[in-house]
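> take a look and give me a structure for this.
(one chain, ligands or ions: 2)
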Amino acid sequence: MRKHRIAAIPGDGIGKEVVAAGVEALTALAALDGGFELEFEHFDWGSDYYKGTGLMMPADGLEKLKPFDAIYFGSVGAPDLPDHITLWGLRLAICQPFDQYANVRPTRILAGIESPLRNAGVGDLDWVIVRENTEGEYAGQGGRSHRGHPEEVATEVAIFTRAGVRRIMRFAFQTAQARPRKFLTVVTKSNAQRNGLVMWDEIAAEVAKEFPDVTWDKMLVDAMTVRMTMKPRSLDTIVATNLHADILSDLAAALAGSMGIAPTANLNPERQFPSMFEPIHGSAFDITGMGIANPIGTFWSGQMMLEHLGEQAAADRLMRAIETVAANKALHTPDLGGNARTADVTAGLIAAL
Ligand code: NAD
Ligand code: MN
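Numbers count the residues shown, from 1 in each chain. Ligands and ions are numbered 1, 2, ... in the order given. Purely as a prediction, here's the structure:
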């Protein structure tokens, strides 16, 4: 029997609730499939751990994670801790050292889910956003001087390397090539950001020559928000910088119906390190502990994890079950306008499996 070892890091807030649901669903799926086993190990890292130890994860945390086949992550962020401490202390502290440079975010309007876009339904919005995940605006370069004085300065330097842009561009063209439309939109802001993003555009044009069967176009990021809302059908695969894609993917999630549905994979495509799978949403302080978090984004992230682990048949089975649950209004959580609870959706998903 094939065995996959998964590190589960629920983190904070509703991360704990949705990862518990995801582990339950994936365990049930593995038992039904019969061909593979998922061995989960749980790590209680995050804001509670920080309050006890002063660290978001132990000093040897990465060493502990390295032997795993994948990481199943919830979210980080607590109302009583600064977000930059929690984010850099755990999530980015894993993504960057493990070189998970390709952040992949599929978005679709699932049958049964209502898009806030008038006239948009199933098939009108079917995108994969590829986000550069290690450098750009979130490289962590910068500093503060003259703290607290009127002349205080802070710098936040975006870093674009030829190697970093080239590898994400190649990954994006490959992703587009593997989809039926073979169409990529390269998001940029090379009118205002005249150094890094001009290089980004140049590298896009170079890499495009390696993929003659992929059609591509360019969009400035501000105009991209308009195209996403006004002409969603005109898009398929999208590549953007760390910051731009962060923002565009939340917009995409909202246009597809809810932040609670959208999944993410943080991939190290060369598989030198484990990749990490998580819903795109955060800790959702407003609903933490209420038992009403939508677990679909976490299930869908589990589906991406199974694909990465080579369990395509189980991944397909899980996706069909997700679609069955989404189509059933009795299983909609409050973010989708329903009354269902996390546990109801999980039970419904397992029944659909
Ligand atoms: P959020 O995603 O936590 O919440 C935004 C809104 O969406 C809230 O109204 C919330 O109730 C709703 N929502 C999100 N997920 C939902 C789900 N599964 N089911 C139902 N409703 C859902 O974003 P925020 O409020 O900006 O951030 C809260 C905290 O989470 C902050 O500390 C932030 O730093 C952190 N955060 C972490 C990650 C991550 O770990 N990857 C991502 C985003 C935000
Ligand atoms: Mn984000």
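
> now do the helix or strand hosting L92: everything it contacts.
Using DSSP states H and E, L92 sits in helix 92-95. With Cβ atoms under 8 Å, 6 or more residues apart in numbering as the contact definition, helix 92-95 has outside contacts at 56-57, 61-62, 65, 71, 73, 100, 133-134, 138, 140, 266, 276. (Glycine included, C-beta is placed from N, CA and C.)

> also stretch 316-330?
When contacts are defined by Cβ under 8 Å, 6+ apart, stretch 316-330 is touched by residues 25-26, 29, 32-33, 110-113, 261, 296, 299-300, 302-303, 306, 331, 338, 340, 345, 348-349, 352-353.

> now, those residues that are in helices?
Counting by DSSP state H, the contacts of stretch 316-330 place 25-26, 29, 32-33, 296, 299-300, 302-303, 306, 345, 348-349, 352 in helices.

> by proximity to ligand 1, which residue of the stretch 251-353 of the chain wins?
Distances between the stretch 251-353 of the chain and ligand 1 by Cβ to the nearest ligand atom are smallest at G282, namely 2.3 Å.

> residues in the protein within reach of ligand 1, list them.
Proximity of the chain to ligand 1 (Cβ under 6 Å from any ligand atom) is limited to residues 14, 18, 75-77, 83, 87, 91, 259-260, 278, 281-287, 293-294, 297, 333, 335.

> one more time with 5 Å, if that's ok
Residues of the chain lying close to ligand 1 (Cβ under 5 Å from any ligand atom) are 75-77, 83, 259-260, 281-284, 286-287, 293-294, 335.

> quick check: the gap between the residue of the stretch 1-150 of the chain found nearest ligand 1 and I280.
Residue nearest to ligand 1 within the stretch 1-150 of the chain (Cβ to the nearest ligand atom): G77, separated by 2.1 Å. In this view, G77 and I280 are 13 Å apart by Cβ to Cβ, to the nearest Å.

> what's the answer for A59, then?
Counting by Cβ to Cβ - A59 and I280 are separated by 29 Å.

> show me which of the two is the more surrounded one.
Higher neighbour count among A59 and I280: I280, with 23 against 8, using other Cβ atoms under 10 Å.

> helices of this structure, residue ranges please.
Remark: helices assigned in the chain by DSSP H are 14-33, 47-53, 61-65, 83-86, 92-95, 162-177, 196-208, 221-230, 242-255, 296-308, 312-327, 342-352.

> would you mark the buried spots in stretch 271-288?
Residues of stretch 271-288 classed as buried by neighbour count (16 or more other Cβ atoms under 10 Å): 273-284, 287-288.

> residues contacting P232?
When contacts are counted by Cβ under 8 Å, 6+ apart, P232 is found next to L117, A120, D124, L125, W127, L255.

> same thing but at 7 Å, please
L117, A120, D124, L125, L255 (Cβ atoms under 7 Å, 6 or more residues apart in numbering).

> tally of neighbours for the first one?
Translated: L117. Around L117 there are 18 residues (other Cβ under 10 Å).

> tell me if I'm right that V186 and T215 touch.
No: using Cβ atoms under 7 Å, V186 is not in contact with T215, being 11.5 Å away.

> and the two? which has more neighbours close in?
V186 (23 against 14).

> report the beta-bridge partners for that one.
Counting by DSSP bridges, V186 is bridged to K218, V239.

> on that earlier part again, who's in contact with the residue of the stretch 251-353 of the chain closest to ligand 1?
S75, G77.

> and the pLDDT for it?
Looking at G282, its pLDDT reads 95.

> could you check how far it is from E202?
Distance, G282 to E202, by Cβ to Cβ: 35 Å.

> low pLDDT regions in the stretch 101-250 of the chain?
Per-residue confidence for the stretch 101-250 of the chain (pLDDT under 70) gives no ranges below the cut-off.

> same deal with the stretch 251-353 of the chain?
Using pLDDT under 70, nothing in the stretch 251-353 of the chain is flagged.

> returning to what we had before: looking at the buried residues of stretch 271-288, which two lie furthest apart in space?
Largest separation among the buried residues of stretch 271-288 by Cβ to Cβ: F273 and I287, giving 32.6 Å.

> now R271: phi and psi?
The phi and psi torsions at R271 (degrees, to the nearest 10) take the values phi 60, psi 30.

> who are the neighbours in contact with it?
Here R271 is in contact with no residue (Cβ under 7 Å, 6+ apart).

> hang on, the earlier thing: against G260, how distant is the residue of the stretch 251-353 of the chain closest to ligand 1?
Distance, G282 to G260, by Cβ to Cβ: 11 Å.

> same check on L353?
20 Å.

> cool, and V198?
From V198 to G260 the distance is 38 Å (Cβ to Cβ).

> who has more neighbours, the two?
Neighbours per residue (other Cβ under 10 Å) separate V198 from G260, with G260 holding more: 27 against 15.

> coming back round to it: any chance of the contacts of P232 in TSV, with distance to I247 too?
Shown next, in TSV, are the contacts of P232 (distance: Cβ to Cβ, whole Å):
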residue	distance to I247
L117	18
A120	20
D124	21
L125	17
L255	13
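
> can you name the two of these that are farthest apart?
Using Cβ to Cβ, the two most remote members of these are D124 and L255, lying 9.6 Å apart.
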